[in-house]
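> pasting the structure only:
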């Protein structure tokens, strides 16, 4: 970019560093949402379903597994990018995107299943906080999928004009963060009610 | 008609020492109020000391070290002084502890008082409920409900449970102590001894002003109330007479009683059919309206003229008021005002 | 395409990614919104001039209360501070630009559109009337059925997004792009204050974001987060708001403290007294700022232990703050104080902020707060902190750095007129509010009764407000005069201490022709003042020819980030999405359009050569 921007004081690329800062900020965002959920965990109006009635732990476990595996693929994609292995890079990026899409599919299925069981956005505060938290996370997955999908398509178009590994790593950081947050959400929202 | 103003121009009479400034905050006459004033006084003293500790060196520096002419040689380049910096770290800490300790004592003293009542201590229990934009007071042990005029016996422990019907309000009688919010869905507790009757109390007792302190909508500024401290006998009389039916004496009042049927869905007068409706009333209880000094939640003197004007167009009195403008003839307004004003006046 | 965009004219401003130009845009918008906030204040003071006034209706007054607070904080102080961040951070740390120049442009346009969206409520005739902290459940659909609260929610949401983007940008800029030799403890103190401010911003903004989403879903979709009827809690809003709102207060005051800490040493000709301690105290204030939010809520009945904790944490903040005040006095002690306008404002900051801080200590004690809360005493307190403090400090910054911004000097004579009008007007307006508060006058009342004894101080206060307004006009005249006929500013008019004074005024587009290198705090100053060689007594003397930055013969040889249209387009997309809330029927289509614009802009942005 500019004459002075070649080296940074910390030695970390600006984009990567900015992503870390964004992640710090996002921690507070999800922290607030999770706290809100915990506060309203028991706010289930009489006659409306609670988590135990509607959640299907098996399906959610599979979608969690899917997201975890996409994170592994992300690691492999970044590694391939660093090794300048175009084929592997495309392959693993595609897997990550696929993983994101599958997760979103699970979430779509889950939400429509819930709505079918009279568990809507305004059913109870428990439901509202649930949808707010998981919906916000789903939105993050969507953004990540779009982003990595764009990287994938661009790599197809560009051919051997390469990505800077820092760009891929920035997207990867974001993807891992979204994944980690999901593990927290999975524990707090889904597993917790079975304890 | 539209009012030129929202408050009466002539002042209400408050108890001695309050004529000029009925909301003056620096006097506490209950036990709680006095505790607060103790912390307040000490803190003011410390803060004033610090103020001068900053002011004097600042003024000195600004006079002593102002630049004299251009091209002076550089002053000594002092970069700091650890001893000084430690001094002006430690001294504030000591001063703050001096404030913190009585602060905590006061907080926990009030907390203990509340807990003592919860464990079954004796007190006059009053539920305070804020509405847009008036106050309801329920004497739970006596099944008495009144509005905008809080009647208290002197020298008695009072246990307030404060909440709100709609939005957040804040319950504040400056002479009695601090404010506490009236929050929908939450009950705040407050316990203190009511003050003794003052030497030159009026026949009705000592009047103190209160006001809502939290922005609660359009007419937040018009949400005052009064606290009246009476002798214990007078208070018993107030309780005993409160739920007796109104004394309808004249023809006018009788006609007014009929007109009042239109008011029943929101207002209650004890001992009339209006008290039998099993619905939530969103207007103030009017059982002892004739005895109150003010109307419109402490905003105006309780006179026939003000009452007529209020009924004629409540929205001009209080913007946003839930009470609509009724389609009444002047005569009907005159009648119902007489009924509300005269029939409900109890013989105290 | 971007390479061919013109370097001058309107298009160049719409597409600029130069941090200095963006800084100027921020400053211009901030003063534009100040006019709104100021007129709102004057109207309110006129209504309160006498008891029983009917100059304004309750509806208008409550609207002005809300918009005055919201405007002054989100649309005046924050962008004005952002203007200084933009202009000064790269110059002070010796960088060519901020870390993400286009993001920087984006955050400005998002801010501007958010501010306009909020103020569109005046045109729509639905002005929010819930106060700047918009306590639930007055904001619910039941108690505010019209769109007024939606304007507030979405305006703040969009403006908040702008602040989030810029805070990440500045944080990365400061940490990553310092010039050679500038380790953390060699940064100018203003940069330290900025750094802590950015941390506060990007950690506290997400909390208000969530709170705003919750209230938006309450209003739009009928959830009940703040509806006690279905188990929601109205106090929860207060917690969420103040977890953001209290750090926000430090976001406003820390940069002003930083500016004052730059100005006072320059005009005392001495280094800042106790630089390391100042750094620690800035950090301590920032850290403690997250642990005191509930002191705004003492009267909500938090319970004895929580009340005691938050009261103690609040008092603790007085310690680092006090250290700073004494260190400023220590800086002036033994110096040669020049009473330029900039320094007058800086010194008045120290004095006014002390008064505001001391009244703050009073209501840090809950029993006292039970009296002072929501009375004019609190109004006096936070105006002493945010106006006498932040605004006066920043005006010091305006007078100090204006020559660097524009290459013109502001008139000292007019400046002193403004200062004294402000000083007298400000103290006349707000000191009497202490008395009004002690007399129990509640804040946010659109009128008051004549039997309360509040007449005298209200008259004084309103007259003070008019005097302040005249000071504001003098400032306007001063700025116009400076552009018209103002003296040309030399590179270093004040004998400054930090790197920006080694550049011409205004600085060239590329900032530094030669990458600077520093070896100590106030390095530029020590390049101007060297020890007298013969004696060895440590006495410093000004060198004949200070090493100003040289000019580049062929500026086009320096590669600068390209101008871009995408930031403003993206900002438009975001604003369109936000405004979808105002279209109950066609909202989805509007939101869809907004998302489409946002996506197109994002892709255009990504594939453009920066």
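On my side now, so go ahead. Treat the numbers as computed from the prediction; the structure is a model and nothing was measured. Numbering: from 1, shown residues only, chains lettered A, B, ... in the order given.

> Sticking with whatever residue of the stretch 151-300 of chain B ends up closest to chain A, tell me its helix or strand.
For the stretch 151-300 of chain B, the residue closest to chain A is residue B:185, as judged by C-beta to the nearest C-beta, at 12.0 Å. Where you see a C-beta, it was placed from the backbone N, CA and C, and this is true even at glycine. Following DSSP states H and E, there is no helix or strand that holds residue B:185.

> which SS class is the nearest residue to residue C:363 once chain neighbours are set aside?
Nearest non-adjacent residue to residue C:363, counting by C-beta to C-beta, 6 or more residues apart in numbering or on different chains: residue C:369, 4.0 Å away. For residue C:369, the assignment made with DSSP: H, G, I helix; E, B strand; the rest coil gives helix.

> what's the burial count for residue C:369?
For residue C:369, the count of nearby residues is 26 (other C-beta atoms under 10 Å in any protein chain shown).

> Nearest spatial neighbour of residue C:365, chain-adjacent residues omitted?
residue B:103 (4.3 Å).

> that's a helix at the one you found, yeah?
Yes - counting by three-state DSSP, residue B:103 is part of a helix.

> Go ahead and confirm it touches residue B:39.
Yes - Residue B:103 lies in contact with residue B:39 (C-beta atoms under 8 Å); the separation is 5.6 Å.

> Next, the residue in chain B that chain C sits nearest to: phi, psi?
The nearest approach of chain B to chain C comes at residue B:178, 2.1 Å away (C-beta to the nearest C-beta). Residue B:178 adopts backbone torsions of phi -80, psi -170, taken as degrees, to the nearest 10.

> Next: residue C:375.
Main-chain dihedrals, residue C:375, degrees, to the nearest 10: phi -110, psi 180.

> Quick check: what element follows the helix or strand of chain A with the lowest mean pLDDT along the chain?
Lowest on mean pLDDT, DSSP states H and E among the helices and strands of chain A sits helix A:51-54, with a mean of 82. Sequence-wise, the next helix or strand downstream of helix A:51-54 (DSSP H and E) is helix A:57-83.

> tell me the mean pLDDT for that next one?
Mean per-residue pLDDT for helix A:57-83: 93.

> Mind giving me the packing neighbours of that helix?
Judged by 3 or more C-beta pairs under 8 Å, 6 or more residues apart in numbering or on different chains; DSSP states H and E, helix A:57-83 is in contact with helix A:86-116, helix A:165-185.

> which ones are touching the residue of chain B closest to chain C?
Neighbour list for residue B:178: B:32, B:36, B:172, C:299, C:367, C:369-371, C:373 [criterion: C-beta atoms under 8 Å, 6 or more residues apart in numbering or on different chains].

> cool, residue C:446 as well?
By C-beta under 8 Å, 6+ apart, the residues touching residue C:446 are B:220-221, C:47, C:56-58, C:61-62.

> ok, back up a step: sort out which one of the contacts of residue B:178 lies nearest chain A for me.
Nearest to chain A among the contacts of residue B:178, with distances taken as C-beta to the nearest C-beta, is residue C:299, at 21.6 Å.

> shouldn't that closest one be in contact with residue B:177?
No - between residue C:299 and residue B:177 there is no contact under C-beta under 8 Å: 11.5 Å.

> what inclination does the longest helix along chain A have with respect to helix A:86-116?
Counting by DSSP state H, the longest helix found in chain A is helix A:125-158. Taking axes from the mean of the first three to the mean of the last three C-alpha atoms, to 10 degrees, one finds helix A:125-158 and helix A:86-116 inclined to each other by 160 degrees.

> where does stretch C:174-188 sit relative to the chain's centre, distance-wise?
Here stretch C:174-188 is found 23 Å from its chain centre; the criterion is C-alpha atoms, centre = their mean, to the nearest Å.

> Do it and chain A come into contact?
Yes - using C-beta under 8 Å from any C-beta of the partner chain, stretch C:174-188 reaches chain A at C:175-179, C:182.

> State the distance from the nearest residue to residue B:40 once chain neighbours are set aside to residue C:518.
Of all residues not flanking residue B:40 in the chain, residue C:368 sits nearest, at 5.2 Å (C-beta to C-beta, 6+ apart). Distance from residue C:368 to residue C:518, counting by C-beta to C-beta, to the nearest Å: 47 Å.

> Of those two, give the one with the bigger neighbour count.
Neighbour totals were compared for residue C:368 and residue C:518, and residue C:368 leads with 29 against 23 (other C-beta under 10 Å).

> In contact with the more buried one, which residues?
B:36, B:39-40, B:43, B:103, C:362.

> go with 7 Å
Counting by C-beta atoms under 7 Å, 6 or more residues apart in numbering or on different chains, residue C:368 makes contact with B:36, B:39-40, B:43, C:362.

> Most neighbours among these, which one?
Top of the contacts of residue C:368 by neighbour number is residue B:36, holding 26 neighbours under the definition other C-beta under 10 Å.

> Can you give me the pLDDT of that one?
pLDDT for residue B:36: 95.

> Need the nearest residue in space to it, chain neighbours excluded.
Nearest non-adjacent residue to residue B:36, counting by C-beta to C-beta, 6+ apart: residue C:367, 4.3 Å away.

> Need the three-state assignment for residue C:52.
coil.

> I'd guessed it sits against residue B:7; true?
Yes - the pair residue C:52 / residue B:7 is scored as a contact, 5.6 Å apart, by C-beta atoms under 7 Å.

> Look at those two and report which has more neighbours.
Taking other C-beta under 10 Å, residue C:52 and residue B:7 do not tie; residue B:7 has more neighbours (24 against 15).

> Kindly list the main-chain dihedrals of that one?
Torsion angles, degrees, to the nearest 10, at residue B:7: phi -130, psi 160.

> same question, residue B:287
Torsion angles, degrees, to the nearest 10, at residue B:287: phi -50, psi -40.

> what does chain A put close to chain C?
With C-beta under 7 Å from any C-beta of the partner chain as the criterion, chain A meets chain C at residues A:1-5, A:8-10, A:12, A:14, A:17-18, A:21-22, A:24-26, A:28-29, A:32-33, A:43, A:45, A:121-122, A:125, A:128, A:132.

> that older thread, now, among the contacts of residue C:368, which is nearest to chain A?
Nearest to chain A among the contacts of residue C:368, counting by C-beta to the nearest C-beta, is residue C:362 at 31.2 Å.

> that older thread, which neighbours do residue C:52 and residue B:7 have in common?
Taking C-beta under 7 Å, 6+ apart as the criterion, residue C:52 and residue B:7 both touch residue C:450.

> Return the residues in contact with the residue in the stretch 401-550 of chain C positioned nearest to chain B.
Of all residues in the stretch 401-550 of chain C, residue C:440 sits closest to chain B, at 2.7 Å by C-beta to the nearest C-beta. Under the criterion of C-beta under 7 Å, 6+ apart, the neighbours of residue C:440 are B:23-25, B:174, C:375.
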